[in-house]
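Q: predicted model follows, preceded by the sequence.
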Amino acid sequence: QSVPVERTTTASTTSTTSKMYESTGLYGASDVRIVDVATGGVLLKTELQSQFFGEGLTYYVDSLAQEGRLVQLTWKEQTG
């Protein structure tokens, strides 16, 4: 299924049953977004600090905290 999204440099996506998480990559403009699967609209966006170039993204359930978490990796900064 295709989902319309904002025009951006998508580095990675991952999803749960109702949400898609998108990582965008560009120095000074990287962010992580929660995207509505049905409409492609951005529900929530968190920007990275300008010195980071966002890349890979994954969603996992932390068994100790009993909650879902997102982890985003950066390109050259070797930061997660």
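A: Yep, that arrived.
Q: residue contacts, D36?
A: Going by Cβ atoms under 8 Å, 6 or more residues apart in numbering, D36 touches 19-20, 42-43. For glycine as for every other residue, the C-beta is placed from the backbone atoms N, C-alpha and C.
Q: what about it, distance to L44?
A: According to Cβ to Cβ, to the nearest Å, D36 stands 10 Å off from L44.
Q: just the buried ones from the contacts of D36?
A: Buried residues within the contacts of D36, defined by neighbour count using 16 or more other Cβ atoms under 10 Å: 19-20.
Q: which one of the contacts of D36 is nearest to S63?
A: Nearest to S63 among the contacts of D36, counting by Cβ to Cβ, is K19 at 20.5 Å.
Q: in this structure, which helix or strand is least confident?
A: Lowest by mean pLDDT, DSSP states H and E among the helices and strands of the chain is strand 10-15, with a mean of 60.
Q: what's downstream of it, the next helix or strand?
A: strand 19-24 (DSSP states H and E).
Q: show me what that next one is packed against.
A: With contacts taken as 3 or more Cβ pairs under 8 Å, 6 or more residues apart in numbering; DSSP states H and E, strand 19-24 sits against strand 10-15, strand 31-36, strand 54-62.
Q: recalculate using a threshold of 10 Å.
A: Under the contact definition 3 or more Cβ pairs under 10 Å, 6 or more residues apart in numbering; DSSP states H and E, strand 19-24 sits against strand 10-15, strand 31-36, strand 42-47, strand 54-62, strand 67-74.
Q: quick one: contacts of stretch 73-80?
A: Residues outside stretch 73-80 that contact it (Cβ atoms under 10 Å, 6 or more residues apart in numbering): 11-12, 23, 25, 27, 30, 48-49, 51-58, 71-72.
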